[in-house]
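**Q** Could you look at this predicted model? Sequence included:
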Amino acid sequence: MKKKLLLGGLVVVLACCVVGSLAGYFKLWPALISSNSESVADEISNSVQSAVLLALERDSPIEGGLLLYAGDLDINSYVDDSGESGFENVNGQATVYNGWVEIELERIEVVLGDMQMTARPLIQNGRFTLIDVEVEGGLMSKMLDRDTLATGLEDGINRAFETAGLIPSKAELLPGFLYLEFEEERETTDVSEFRL
């Protein structure tokens, strides 16, 4: 009798563990991914906005055009010599470290940890967008939404242009560069005074 009671109690405990694990997997894990994705995209956006504004300060668009180097699309909060790339998210504030951007002839590549995003730039309705987005990766791609890197890059570039009063009209990839052309200027903010 005691063995049956003990066995019944063990089955109940195991059932609770299974139900708890399933609830965690189906409820908590998606919430964690969403929180990580939003925080990382926001941090990438802030970093890219600052880098593009510095590029605009350095090389004002001449005759409606601007060349952005890969370094002008910096996604990082900081870079160190650890050789590891990734992010930390504490209380909804992400820190992105040692990621990189490469500009190739046909695609822009963004790498964070073992997650790699490639895409082609396009200007739609006066906004910079990424199309044909492809994402590959291991563990990092399980911790972030598929569109996190693209969203952060797009938002940062568009916020920089809005701050500078620029309306992009054309985006073209050149080896190592992103070439952009602009329409008439909007009301501008002095980008030399803008610092995040």
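**A** Thanks, I have it.
**Q** and the lengthiest helix in the chain, how far out from the chain's middle?
**A** Scanning the chain for the longest helix, with DSSP state H as the assignment, gives helix 29-58. For helix 29-58, the gap between its own C-alpha mean and the chain's C-alpha mean amounts to 5 Å (CA atoms, centre = their mean, to the nearest Å).
**Q** Same question for stretch 122-131.
**A** Chain-centre distance of stretch 122-131: 16 Å, with CA atoms, centre = their mean.
**Q** Buried ones in that stretch, by neighbour count?
**A** Of the residues in stretch 122-131, those buried by neighbour count under the rule 16 or more other CB atoms under 10 Å are Ile123, Phe128, Thr129, Leu130. All C-beta spots, glycine's among them, are computed from the backbone N, C-alpha and C.
**Q** Let's see which of the residues you listed end up in helices.
**A** Among the buried residues of stretch 122-131, no member falls in helices (criterion: DSSP H).
**Q** Select, from these, the two members most distant in space.
**A** In terms of CB to CB, the buried residues of stretch 122-131 reach their longest pairwise distance at Ile123 and Leu130, which sit 11.0 Å apart.
**Q** how about stretch 111-126 as PDB, C-alpha atoms only?
**A** Taking only C-alpha atoms (Å, rounded to 0.1, in the frame of the first residue of the first chain), the coordinates of stretch 111-126 have been written out as PDB:
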ATOM      1  CA  VAL A 111      26.900  38.900 -38.200                       C
ATOM      2  CA  LEU A 112      26.200  38.600 -34.500                       C
ATOM      3  CA  GLY A 113      27.500  35.600 -32.700                       C
ATOM      4  CA  ASP A 114      26.700  32.600 -34.900                       C
ATOM      5  CA  MET A 115      23.700  34.400 -36.500                       C
ATOM      6  CA  GLN A 116      24.300  35.700 -40.000                       C
ATOM      7  CA  MET A 117      21.900  37.900 -41.900                       C
ATOM      8  CA  THR A 118      22.300  38.900 -45.600                       C
ATOM      9  CA  ALA A 119      20.000  41.200 -47.500                       C
ATOM     10  CA  ARG A 120      19.800  43.700 -50.400                       C
ATOM     11  CA  PRO A 121      19.000  47.300 -49.800                       C
ATOM     12  CA  LEU A 122      16.000  49.100 -51.400                       C
ATOM     13  CA  ILE A 123      14.500  52.500 -51.000                       C
ATOM     14  CA  GLN A 124      10.700  52.300 -50.700                       C
ATOM     15  CA  ASN A 125       8.600  55.400 -50.100                       C
ATOM     16  CA  GLY A 126      11.600  57.500 -49.000                       C
END
